[in-house]
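1. Got a predicted model here, sequence first, then my questions.
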Amino acid sequence: MTRFNMIDLTGRPASRRPPARPPLPRRRSAPGPGPDGGPAPRPALTLVPGRDPYRSPVELRTLVRASMPEDVRGALVTTVRKAPGRTFQVRWTTLDDPARVPAGRVRLSWTPAADGRTDVSAHLGLPGAEVLLAVWPALRGDWCDVVRPTVTEVTELHAALSLATAALDHLVR
């Protein structure tokens, strides 16, 4: 019986096992000030219960009672729920993120107003531009239920128009 040797594309004998890879180094955040003397880097794990809104989506209701942090542009809506009393998931967009809102997405931003009220604005990302969608001045308390219908309708309308445009483009070809 003849024994065949395996040869790879370069003509060298192929090994049956892939070469071993060295283990990846573990990331550790250093406590104290950063290397340049500035603020300490954001920790890998957050001490606040729940998720870190800088990295993963959280319920909008958990963020609306406080002012927006200084290092963010706003809260990018990631998931919309239609049920009354349910808000949507958002994620902070930092100053390091691209300035434009992605097409079909809504970014909410809010600033404190007089008498403990909040001014809220929404920007919609379109393929060629970013537009001011709505402004809600002087909202009081938990304003999620006020903005939810507008954000839901616009998000669904953009998805429907995108689907119709893709279908028409496919038919025209």
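-> Cool, got the structure.
2. following the helix or strand hosting residue 74, which helix or strand comes up?
-> Residue 74 is part of strand 72-79 when elements are defined by DSSP states H and E. Moving toward the C-terminus from strand 72-79, the next helix or strand (DSSP H and E) is strand 89-94.
3. Give the pairing partners of that next one; include direction for each.
-> strand 58-59 (antiparallel), strand 72-79 (antiparallel) (DSSP bridges).
4. Partner strands of the longest strand along the chain and their direction?
-> In the chain, taking DSSP state E as the definition, the longest strand is strand 130-139. Looking at strand 130-139 with DSSP bridges, its partner strands are strand 118-125 (antiparallel).
5. Could you pull out the buried residues of the strand it pairs with?
-> 118-125 (16 or more other CB atoms under 10 Å). Placement of C-beta: from N, CA and C, glycine included.
6. returning to what we had before: what is the very next helix or strand once past the longest strand of the chain packed up against?
-> Using DSSP H and E, the helix or strand that follows strand 130-139 towards the C-terminus is helix 144-172. Packing partners of helix 144-172 (3 or more CB pairs under 8 Å, 6 or more residues apart in numbering; DSSP states H and E): strand 106-112, strand 118-125, strand 130-139.
7. can you do 10 Å?
-> Packing contacts for helix 144-172, counted by 3 or more CB pairs under 10 Å, 6 or more residues apart in numbering; DSSP states H and E, involve strand 72-79, strand 106-112, strand 118-125, strand 130-139.
8. pLDDT averaged over the third one - what is it?
-> In this model, strand 118-125 has an average pLDDT of 95.
9. now residue 153: how far from residue 127?
-> Distance, residue 153 to residue 127, by CB to CB, to the nearest Å: 19 Å.
10. What of residue 108?
-> From residue 108 over to residue 127 (counting by CB to CB), the distance is 20 Å.
11. same check, this time on residue 93
-> Taken as CB to CB, the span from residue 93 to residue 127 is 18 Å.
12. how about the buried residues of strand 118-125 in CSV, adding distance to residue 148?
-> Below are the buried residues of strand 118-125 laid out as CSV (distance: CB to CB, whole Å):
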residue, distance to residue 148
118, 15
119, 17
120, 12
121, 15
122, 11
123, 16
124, 15
125, 18
